[in-house]
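Participant: Build me a structure from this.
(2 chains)
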Amino acid sequence: MKDFWTRFRFNRGAVIGLVILAVVIATAIAAPFIFPTSPWKMVQRPFLPPLTQNGLPLGTDALGRDVLAGLAHGAYVSLLVGLVSTVVALAIGVPVGALAGYFVGRVDDALMRFTEFFQTIPSFALAIVLLAIFQPSLTFVIIAIAIVSWPPVARLVRGEVLSLRTREFVEAATLQGLGNAQIILRHILPNALPPIIVLASLMVAQAILLESSLSFLGLGDPNIMSWGYMIGAARTVIRTAWWLSFLPGMAILLTVLALNLIGEGLNDALNPRLTRKSE
Amino acid sequence: MLRELKFAIAATVASFVLVGPMAAQDGTPQQGGTLNVVIQPEPPGLMVGLIQNGPTQMVAGDIYESLLRYDANLQPTGQLAESWEISEDGKTYTFKLRKGVVFHDGKPFTSADVKFSMDKFLRESHSRMRTYMQHVESIETPDDHTVVFNLKQPFGPFIGIFEPGTAPMIPKHIYEGTDFANNPANNTPIGTGPFKFDEWVKGSYIHLVKNPDYYMEGKPHVDEVYYHVIPDAASRAVAYETGKVDVLPGGSIENFDVPRIRDMENTCITDKGWEYFGPLSWLWINLNNKPLDDVKVRQAMMHALDREFAKDALWNGLGKVATGPLSSSTRFYSDSTPDISYDPEKAKKLLSESSYNGETIRLLGLPYGETWQRWAEAVKQNLTEIGIKVEIVPSDVAGWNQKVSDRDFDLAFTYLYQYGDPALGVSRTYMSTNAKVGSPWNNVANYQNPEVDKMFDEAALMASPDDRAAAYKTIQDQIVSDVPNLWLLELGFPTIYRCNIKNPVNTAFGVNDGFRDVWIEKAK
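Facilitator: This is a model prediction of the structure:
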């Protein structure tokens, strides 16, 4: 663990990413306490620019709602969507990839054709279609994002498992008489974990972007204040009230950047044998 | 350098000299020019006898005409009819037609065309007209320029239906004996109006040209009209800014863009021209659902809505806060109905006395863009603040129609036209006979009040306008105290145009009434 931290710290970008993410997480947790009233509450006259009114440092939006409160509550929504949809995507992708990689042959063919079926459809378009079919609520937004983002997981896990299943320790486990389930869960997957963790951190970022894009298009849950919603609602007034799109846009940019930096740091820390070109 | 300077000074002086007299004769129409107007969305067709949606009516208002026109107070003035008379008992309407009127194909317009349009064509293909025409016993044409309508009983609103969107005059010689809906002539509409159809490039523009044989001396003033199809609201705003279009009819750009466009140079804005339609917005309340059947809950919600704020924040201060089921421009509007103004304290008190018990109310927004989305959010917040739980249900246009038709909502945004008379555009919303599931435009709330039904029936058939006014006053008081809907705003749709375009809106129909009187002041 100590080694891991030393190696992670070596990547300065990753540390910066971690700091930013910590701030975002802290904001998300603190939001209900700092801004106990709903972010939808209309508190002042509409379109107040930032830094013009005490108590409203980031101004108000088209309905006179506090932009800072919206950003804080939005942080919670973005992180929630990012994390939960990634967990769901992993829950689909890892078993599919593991089974395909371990059993090869027909099982592999069947599962991979099924995966490719999802991969041939552009993920964003598929997410839009799914949400058009379902009622856009937070649950369905998460499900839709998970459904479009598991295929890369499945392919990655399959590749890892394919290379691991021929190693000696697996053969030894087989000779010991362990069942397939135990071999996969106890011996193969733990060894395939590092790349999955790196991918997962990037998927969280991807999911946040997807949620924002969907909300921007008005396909998000209309009862939830998210960053994408804030940008979407402000885009028509971008020429008169630029800060309404700019601020949540910056929030998304920083969070996604932080997650990507962390992903790289994790990659360095978990795969010490891979030397990166930049070093 | 010096020479250039001299020239510049000379030019400035010259322009001052020129401006003087030009400005003085501001009121004299100048001939010529092209009018570029936005049309949104692209109409499905231009034959207004068959299709009556907004964009069709707008273009058709230039091509087709009716017997009358209506000023901003809904008083009739002559159009194809020179004079008209209503008998004492309110049952006989005699119209004297203007002489020398010809259709765009050169054939004369006579009383036979009026009879054909009203009795045959519109009865068959225009659902609103079919209802009105039930009151007509017979139509007589004693000579080419006289039409007599004999009514079964007095029907007050009758004098208000002779406008091109309701009663367009259709050429008998083209349509008689044909299948109206599939007549190829529908693609090249022929009317008596000031402009003739020239070309329609689907997805791009509709081009009308001046009718040189128009019966009014010197009119129309402009040579041609282009209706530009621009599918996106932001692009429409840009089209105005870049000068591609000069007139933005109500609703063509997002309300949030209005202040920016309004502040441009040489730009005028008016919310007039909607008096006949009287667009009134409200929230349907699904009275079949608990706890919305409780009048206290409904009254609480009514007092919870800050409609003044919605008007200022979302509608740029245009329009009016509604006081009840009638728009203030509609005939027989009463301004002394029970108070329904914003009063959160009163709302909380009413709610605490009511049967409301923490149920979640589903609010169906209107999928017509940003303004309506924001409005749903504001309403939700208003109701949340008095302690009602609200969930916004998103929807697209088809989904909205479906949900409202199936009564699958608790509260739903809508707005409807009133057509100048409560018997034409208001009673349909509140009569129990019009509450059948399956239409999003009838008595969707399922309001049932036999008293109101009876009064509406009687008021429509009274001969004397004074009697009608008294009856509608009682009706309005009754409906407002029952709160079957949450009335929001009389919508103020702004028409935005360059100030050198004169007279774009001068009747109760605004740009829908055609550009007969429009003229363009040339750049000085």
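Participant: Can you get me a residue count around B:Ala178?
Facilitator: Check again: residue B:178 is Thr, not Ala. 11 (other CB atoms under 10 Å in any protein chain shown). Any C-beta I mention is one placed from the backbone N, CA and C, and that applies to glycine too.
Participant: name the element it belongs to?
Facilitator: For B:Thr178, there is no enclosing helix or strand under DSSP states H and E.
Participant: B:Ile161 contacts B:Tyr132, correct?
Facilitator: Yes. Contact criterion CB atoms under 8 Å: B:Ile161 and B:Tyr132 qualify, at 5.5 Å.
Participant: Now list whatever residues contact both of these two.
Facilitator: B:Leu424 (CB atoms under 8 Å, 6 or more residues apart in numbering or on different chains).
Participant: Check which helices and strands the helix or strand bottoming out on mean pLDDT in chain A is in contact with.
Facilitator: The helix or strand of chain A with the poorest confidence is helix A:2-10; it has a mean of 82 (mean pLDDT, DSSP states H and E). For helix A:2-10, the packing partners by 3 or more CB pairs under 8 Å, 6 or more residues apart in numbering or on different chains; DSSP states H and E come out as helix A:12-34, helix A:243-270.
Participant: ranking those by burial, who's on top?
Facilitator: helix A:243-270 (a mean of 21; mean count of other CB atoms under 10 Å in any protein chain shown).
Participant: just checking, what packs against it?
Facilitator: Judged by 3+ CB pairs under 8 Å, 6+ apart, helix A:243-270 is in contact with helix A:2-10, helix A:12-34, helix A:67-103, helix A:189-216, helix A:227-234.
Participant: Up against chain A, what does the stretch 351-500 of chain B have?
Facilitator: Remark: the part of the stretch 351-500 of chain B in contact with chain A comprises B:365, B:370, B:373-374, B:376-378, B:380-381, B:384-385, B:391-394, using CB under 8 Å from any CB of the partner chain.
Participant: least confident pick among those residues?
Facilitator: On pLDDT alone, B:Glu370 ranks lowest of those, at 82.
Participant: Go through stretch B:340-356 and flag the buried ones.
Facilitator: Under the neighbour-count criterion of 16 or more other CB atoms under 10 Å in any protein chain shown, stretch B:340-356 has B:340, B:342, B:346-348, B:350-351, B:354, B:356 buried.
Participant: Could you list the low-pLDDT ranges of chain A?
Facilitator: A:1, A:272-279 (pLDDT under 70).
Participant: Quick check, pLDDT for B:Phe7.
Facilitator: On the pLDDT scale, B:Phe7 gets 43.
Participant: swap that for B:Gly20, please
Facilitator: Note for B:Gly20: predicted pLDDT of 36.
Participant: got a list of contacts for stretch A:173-185?
Facilitator: With CB under 8 Å, 6+ apart, stretch A:173-185 has contacts from A:98-99, A:102, A:161, A:170, A:186-187.
Participant: Please identify the buried residues of it?
Facilitator: In stretch A:173-185, counting by 16+ other CB under 10 Å, buried: A:173, A:183-184.
Participant: so what's B:Gly61 closest to, chain neighbours aside?
Facilitator: Closest residue in space to B:Gly61, ignoring its immediate chain neighbours: B:Gly514 at 4.2 Å, by CB to CB, 6 or more residues apart in numbering or on different chains.
Participant: Which of the residues of the stretch 351-500 of chain B next to chain A fall within helices?
Facilitator: Residues of these located in helices (DSSP state H): B:370, B:373-374, B:376-378, B:380-381, B:384-385.
Participant: The residues you listed into JSON lines, with extra columns for distance to B:Arg468 and neighbour count?
Facilitator: Listed next are those as JSON lines, based on distance: CB to CB, whole Å; neighbours: other CB atoms under 10 Å in any protein chain shown:
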{"residue": "B:Glu370", "distance to B:Arg468": "40", "neighbour count": "21"}
{"residue": "B:Gln373", "distance to B:Arg468": "39", "neighbour count": "23"}
{"residue": "B:Arg374", "distance to B:Arg468": "38", "neighbour count": "22"}
{"residue": "B:Ala376", "distance to B:Arg468": "36", "neighbour count": "23"}
{"residue": "B:Glu377", "distance to B:Arg468": "40", "neighbour count": "24"}
{"residue": "B:Ala378", "distance to B:Arg468": "36", "neighbour count": "23"}
{"residue": "B:Lys380", "distance to B:Arg468": "39", "neighbour count": "23"}
{"residue": "B:Gln381", "distance to B:Arg468": "40", "neighbour count": "18"}
{"residue": "B:Thr384", "distance to B:Arg468": "41", "neighbour count": "15"}
{"residue": "B:Glu385", "distance to B:Arg468": "40", "neighbour count": "17"}
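Participant: Now name the helix or strand holding the residue in the stretch 101-250 of chain A that chain B sits nearest to.
Facilitator: As assessed by CB to the nearest CB, chain B sits closest to A:Pro222 within the stretch 101-250 of chain A, at 4.3 Å. Under the criterion of DSSP H and E, A:Pro222 resides outside all helices and strands.
Participant: Leaving out chain neighbours, which residue sits closest to it?
Facilitator: B:Ile392 (4.3 Å).
Participant: Show me what that neighbour bridges to in the sheet.
Facilitator: For B:Ile392, the beta-bridge partners under DSSP bridges are B:Leu363.
Participant: residues from chain A in reach of chain B?
Facilitator: With CB under 8 Å from any CB as the criterion, chain A comes near chain B at residues A:38, A:40-42, A:46, A:62-64, A:135-136, A:218, A:222-223, A:233, A:236-237, A:239-240.
Participant: Provide a ChimeraX selection command restricted to the buried entries of those.
Facilitator: Command for ChimeraX that selects the buried part of those, burial taken from 16+ other CB under 10 Å:
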select /A:38,40,42,46,62,63,64,136,218,222,223,233,236,237
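Participant: From B:Asp406, how far out is the residue lying closest to B:Ser405 once chain neighbours are set aside?
Facilitator: Once flanking residues are discounted, B:Ser405 sits nearest to B:Pro440: 4.9 Å by CB to CB, 6+ apart. The gap separating B:Pro440 from B:Asp406 is 9 Å, by CB to CB, to the nearest Å.
Participant: Quick check on those two: which one has the bigger neighbour count.
Facilitator: Higher neighbour count among B:Pro440 and B:Asp406: B:Pro440, with 17 against 11, using other CB under 10 Å.
Participant: quick one, what contacts the residue nearest the centre of chain A?
Facilitator: The C-alpha lying nearest the average C-alpha coordinate of chain A belongs to A:Val204 (CA atoms, centre = their mean; 1.3 Å). With contact taken as CB under 8 Å, 6+ apart, A:Val204 is in contact with A:82-83, A:86, A:259.
Participant: Could you give the residue of chain B that lies closest to chain A?
Facilitator: B:Ile392 (4.3 Å).
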